[in-house]
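Asker: Following is a predicted model, sequence given first.
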Amino acid sequence: MLGAITAYGLFKFLHFPPLLTAVVVFPLFLLIGFLFERWLLRPIKADSQHEFLIASILVTLGASLTIEDVTFFLLEQASISIPFSLPSLKWRGIVIPSIRLIILGIIVCLTLLVHFYLKHSFTGKAMRAITQNREGALVVGVNISRIAMVTFGIGTALAATAGAFYVILFAVTPSIGIPLTVRYLSIVVLGGLGSLMGSLLGGIILGLTEAITSFYVGGHWVPASSFFLLILVLLIRPQGLLGYKS
Amino acid sequence: MVKRKLWTYWINPLIIGIIHLILLFINSENLVLARDAILIGGTISETGTFNTDVGPFRKLMESWAAMINERGGLPVDGQKLPVKFILYDDKSDRDTVLKFYEKLVTEDKVDLLIGPYSSFLTLAASTVAERHGVPFVAVEANSPKIYERGFKWIVGVLAPATIWSEHYFNMIQAEGKAKSIAFISEDIVHAREVYEGAIKKAEEIGLKVLFKEIAPSKTVDFSAPIAKMKELDPDIVYISSFHPFAVAFMKQAKELDLNPREFHPIHHGIGFLSALGKDAEYAVGESYWVPGIQKGDAKFFEELLKRSGIDVGEWPWAGIRMGAFDVIKAGIEKAGTLEPAKLMNALKTLSVETITGTLRFDEKGVGTMNTIPTQIQNGKYVLIWPKEEGMPTGEHWYPTPKWSERR
């Protein structure tokens, strides 16, 4: 939501081209993510992983609610959106929205970039090592605090970048964060925890399921169809579409 | 000795009794002599979801009170008293509303209550008024459910949501150009009530209803209903929803080249306009008041807006509040007292000229203030119906050009 509002501000007050707002949003929120981790998450680190997990959920959820309330107070309009569109592509009676096509392309590129970063860079390998075996990573000299900061920063920057594109396609309200988080968490679980390609695939499958349900059954059945799909996949493949069995 | 006994047993207690009576008389809150203002209580959603609809209305209300007081106040029991608002921030939350309305009645001892924003919060707030027998004036709340409970202590300025687009459909019928319509509604109480009433009215005036669907509130992908609408090619696409839903629909309608002769988003306020820019042109929706309407005390309302720094384009519900202020003022003037039963009776039997025309209440307390269709033309809201005296009615731009033909 903050990424969307920042992109909107850049467009409205600094007349940034809508598709280029992400160029500013990404580094800005990378820094914000670093600072958030450094000032709000690191101080609550506990000996027990379970305690830290609970504490970090409380801190991030609390921050989310605070940001939501403050934004409600400061924002004068009920919803914001960047008034921008591009002519759609038409081919043999099929209309393809070019703006969505461009955004999809950027998302695929970002997913591939993050994928290669995780696979081939030292920081990426360290992130995966910590996920697999925290103590082992510590023993071989991985600086866990630094990697946690980088991970949180990249996550924040990616979410903010998604917001910068979201505000071009849809209207954004301050309360948009938590419902979207739940939805995207479902996509991650569907694709398989820890699998970037799984998330991409999960998103596409969920989107197609919803569109088909809406067309053939009706719009009010869309949420039910998403949950049905999620339950079905988890019953057949509990680790998600491209996830690994632990 | 007898004299001393007389003082001790008779005169002293008598004096003490008289002093007590005088003190009681001075302190009594129920006595007219002690009253120095008319207290009107209410809550405003200054924070939370509804902040973006009525956030700055405290200033509007206090400015109205200041303007009334500058004119000498309102008549109560033969004297003029100033008006004072006691207002709390309800955080757009039902439980907070209940807490504050209870406080307004039991601790602040207000004479009259003005409702919160939305039918959802009004349903809760009005129960407090009913329980304590305090007159309650509902404002931005038009759900028929509010009045179906048989409450005795409520009047609401707005006409029911089910006749929200009454004037619009009267215009469509009078023009005779549009023949078919498609409906899509957000799955929330207000939008559904408007949608159900609009379908009924459309059928009544002979429009062919080609498509109707209720979609979940958070829907962002409208590709399926838009594909169906493209096949059916309706003259009007009626979108019963709040801004985020309507904005997402309109953006996708343009992307997928849906070209009805008219888009009708029921809420097309500044949030809709600024989110869509020039793509919002030609859209017809509903407003309560636009500058230039010369009904009721329009000049007073214009001065009120100026004083409170509120732009009615940005805060379209300001006109409803003005309707409620007119009701409160006329009600107190008619009753001439703050005695609850008499005041409530005066409110219910009012016929008051407001900035949108004559306002009355039916036996359940439902008001008659209704919307008027306005079209976005060159970034401005232009009134397009009804064509009557005192209304700056402009031309209805119909049909809307195709997306590819728009400049």
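Answerer: Yes, it's here.

Asker: got a list of contacts for stretch B:317-327?
Answerer: When contacts are taken as Cβ atoms under 8 Å, 6 or more residues apart in numbering or on different chains, the neighbours of stretch B:317-327 outside the stretch itself are B:53-54, B:57, B:60-61, B:64, B:114-115, B:117, B:137, B:139-140, B:155, B:157-158, B:287-289, B:296-297, B:301, B:304-305, B:310, B:312, B:347, B:350, B:352-356, B:359, B:367, B:369. From N, CA and C alone the C-beta is placed, and that goes for glycine too.

Asker: Name the residues of stretch B:203-216 that are buried.
Answerer: With burial defined by 16 or more other Cβ atoms under 10 Å in any protein chain shown, the residues of stretch B:203-216 counted as buried are B:207, B:209-216.

Asker: ok, of those, which one's closest to A:Thr60?
Answerer: When the buried residues of stretch B:203-216 are compared for distance to A:Thr60 (Cβ to Cβ), B:Pro216 wins out at 26.5 Å.

Asker: Tell me how far the nearest residue to that closest one once chain neighbours are set aside lies from B:Lys218.
Answerer: Counting by Cβ to Cβ, 6 or more residues apart in numbering or on different chains, the nearest residue to B:Pro216 once its immediate chain neighbours are dropped is B:Asp187, at 5.2 Å. Taken as Cβ to Cβ, to the nearest Å, the spacing of B:Asp187 relative to B:Lys218 amounts to 9 Å.

Asker: Counting neighbours, go ahead and name the busier of the two.
Answerer: The residue with the greater number of neighbours, taking B:Asp187 and B:Lys218 and applying other Cβ atoms under 10 Å in any protein chain shown, is B:Asp187; the counts read 19 against 16.

Asker: Of the contacts of stretch B:317-327, which ones also sit close to chain A?
Answerer: Counting by Cβ under 8 Å from any Cβ of the partner chain, B:Asp53 from the contacts of stretch B:317-327 sit close to chain A.

Asker: from the contacts of stretch B:317-327, which would you call buried?
Answerer: B:53-54, B:57, B:60-61, B:64, B:114-115, B:117, B:137, B:139-140, B:155, B:157-158, B:287-289, B:296-297, B:301, B:304-305, B:310, B:312, B:347, B:350, B:352, B:354-356, B:359, B:367, B:369.

Asker: now, which of the contacts of stretch B:317-327 lie within strands?
Answerer: Applying DSSP state E to those, the entries found in strands are B:114, B:137, B:155, B:157-158, B:287, B:352-354, B:359, B:367, B:369.

Asker: Tell me the one among the residues you listed nearest to chain A.
Answerer: B:Ser287 (15.4 Å; Cβ to the nearest Cβ).

Asker: residue contacts, the nearest residue to that closest one once chain neighbours are set aside?
Answerer: The shortest distance from B:Ser287 to any residue that is not its chain neighbour, by Cβ to Cβ, 6+ apart, is 4.4 Å, and that residue is B:Thr374. With contacts taken as Cβ under 8 Å, 6+ apart, B:Thr374 has the following neighbours: B:268, B:284-287, B:290, B:381-384.

Asker: Which one of those is nearest to chain A?
Answerer: Within these, the smallest distance to chain A is 12.2 Å, found for B:His268 (Cβ to the nearest Cβ).

Asker: Quick check, pLDDT for that closest one.
Answerer: Here, the pLDDT recorded for B:His268 equals 91.

Asker: and if you look at B:Ile15?
Answerer: pLDDT, read off for B:Ile15, is 68.

Asker: can you check A:Leu112 too?
Answerer: At A:Leu112, pLDDT is 92.

Asker: For it, what is the enclosing helix or strand?
Answerer: Under the criterion DSSP states H and E, the helix or strand holding A:Leu112 is helix A:98-120.

Asker: Show me what the next helix or strand after that helix is packed up against.
Answerer: The helix or strand immediately downstream of helix A:98-120 is helix A:122-132, counting by DSSP H and E. Using 3 or more Cβ pairs under 8 Å, 6 or more residues apart in numbering or on different chains; DSSP states H and E as the contact test, the elements touching helix A:122-132 are helix A:98-120, helix A:134-139, helix A:144-169.

Asker: Tabulate the CA atom coordinates of helix A:122-132 in CSV.
Answerer: Extracted in CSV, the C-alpha atoms of helix A:122-132 (Å, rounded to 0.1, in the frame of the first residue of the first chain):
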residue,chain,number,x,y,z
PHE,A,122,26.7,-15.5,-2.2
THR,A,123,23.9,-13.6,-0.3
GLY,A,124,21.3,-15.6,-2.1
LYS,A,125,23.0,-18.9,-1.2
ALA,A,126,23.4,-17.7,2.4
MET,A,127,19.7,-16.9,2.5
ARG,A,128,18.9,-20.4,1.4
ALA,A,129,21.4,-21.9,3.8
ILE,A,130,19.9,-20.1,6.8
THR,A,131,16.4,-21.4,5.8
GLN,A,132,17.7,-24.9,5.5
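
Asker: Residue of the stretch 251-400 of chain B nearest chain A, please.
Answerer: For the stretch 251-400 of chain B and chain A, the shortest gap (Cβ to the nearest Cβ) falls at B:Gly277, measuring 3.0 Å.

Asker: Check for me that that residue belongs to a helix.
Answerer: Yes: secondary structure of B:Gly277 (DSSP: H, G, I helix; E, B strand; the rest coil): part of a helix.

Asker: tally of neighbours for it?
Answerer: Based on other Cβ under 10 Å, the number of other residues close to B:Gly277 is 14.

Asker: which SS state does the closest residue to it other than its chain neighbours fall under?
Answerer: Beyond its immediate neighbours in the sequence, the residue positioned closest to B:Gly277 (Cβ to Cβ, 6+ apart) is A:Pro83, lying 3.0 Å away. Put simply, A:Pro83 is coil when judged by three-state DSSP.

Asker: Pull the contacting residues for A:Pro83.
Answerer: Listed by Cβ under 8 Å, 6+ apart, the contact partners of A:Pro83 are B:274-280.

Asker: Please state the offset of stretch B:276-295 from the chain centre?
Answerer: Between the mean C-alpha location of stretch B:276-295 and the chain-wide mean there is a distance of 17 Å, by Cα atoms, centre = their mean, to the nearest Å.

Asker: List the buried residues in that stretch.
Answerer: When neighbours are counted by 16+ other Cβ under 10 Å, the buried residues of stretch B:276-295 are found to be B:276, B:279-290, B:293, B:295.

Asker: Thanks a lot, see you next time.
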